[in-house]
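Asks: kindly return the folded structure for what I paste below:
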Amino acid sequence: METLMSRDHTLKKKLYKDKAISIGTFIGGPLVGGYLFAENFKAINQSDKVTRTWIITILTTIVIFGLAFLIPENSRFPRILIPVIYTAIASGLFKKYQEPSVLSQVENSGEYHHWGRTIGVSLLGLVITVAIIFIGVFTFIGIEESNMATKKYGLTVKHEIEYNRLDFTEAEIDQIADGFIEYAFFDLDTAKYVYAEKTGDTYTLFIPISELYANDPDTIQELKVLRDKMDTYITDKTIIIKLVIDSLDNVVQIID
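Replies: Modelled structure (predicted):
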């Protein structure tokens, strides 16, 4: 009786085939891929690999989406390649670590999950992944915005320097502003806006520019002179000026 019950229990185990792994991973992302792998390991009596599978899945998900966020908006890299790449990797891992055992299980009266379950799991995983991303992004944005500060300079014309308080002290921002005032970039005619970033010993100063002047030789030359003077004024830092149109991501000229 015990043998029959064990056999019946084994027969009820269902598995995900290679196409289910690929489609599920592509639709739902690496978290769904990890889930499908973990379920297969349970079904082929390799439960000892489930915990390791989830650890690798979570770390891989963090790396993948971290790299995806680092790709600039104006990059020519096609983002569709990201799910294609991790789906191909998942397919290769299935063939190497699960396919022989899965096929053997199916040959011994095992069976595959229906496509409805695979699609359902994939869509649910997609919703969960998107929710996690949104929560992460809004949390990050909230933290970033809480650390942002703006200092204004000038009595009549208000020039602005925006910066992250975690990167700069007020004294450092004041030194940048003093340099701009010294070399007449912060003048009495037009209010200027500058966004400052700090990486090690480098200050990157983002300056908005009109599209009409983005490629104007005289304007670019004036800004090159300004950069050289600022580099001399702030002796312990390297100054880079990035000219942007409309947003900080749309860099049209780099003056270094």
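
Asks: Ala20 and Lys42: what is the separation?
Replies: Computed as Cβ to Cβ, to the nearest Å, the Ala20 to Lys42 distance reads 15 Å. In this view, the C-beta of every residue, glycine as well, is placed from N, C-alpha and C.

Asks: okay, the two: which has more neighbours?
Replies: Ranked by neighbour count (other Cβ atoms under 10 Å), Ala20 and Lys42 place Ala20 first, with 22 against 14.

Asks: quick check, pLDDT for the closest residue in space to that one that isn't next to it in sequence.
Replies: Spatial nearest neighbour of Ala20, excluding adjacent residues (Cβ to Cβ, 6 or more residues apart in numbering): Thr118 at 4.4 Å. pLDDT, Thr118: 94.

Asks: run a quick neighbour tally on Thr118.
Replies: Thr118 has 22 neighbours, counted by other Cβ under 10 Å.

Asks: name the helix or strand for it, please.
Replies: helix 115-147 (DSSP states H and E).

Asks: buried sites along that helix?
Replies: Residues 118, 121-122, 125-126, 129 are the ones in helix 115-147 that count as buried (16 or more other Cβ atoms under 10 Å).

Asks: now stretch 179-192
Replies: Going by neighbour count (16+ other Cβ under 10 Å), the buried part of stretch 179-192 is 179-180, 183, 185-186, 192.

Asks: cool, and stretch 100-120?
Replies: Buried, per 16+ other Cβ under 10 Å, within stretch 100-120: 101-102, 105, 110, 112-113, 118.

Asks: returning to that earlier point: among the buried residues of stretch 179-192, which are in strands?
Replies: Here DSSP state E is the test, and those give no hits in strands at all.

Asks: can you tell me which of the residues you listed lies nearest to Leu212?
Replies: Leu212 has its nearest neighbour among the buried residues of stretch 179-192 in Lys192, at 16.6 Å by Cβ to Cβ.

Asks: quick one: the closest one and Glu162, what's the gap?
Replies: 12 Å.

Asks: equivalent analysis for Pro78, please.
Replies: From Pro78 over to Glu162 the distance is 32 Å, taken as Cβ to Cβ.

Asks: of those two, which one has the most company?
Replies: Glu162 (15 against 9).
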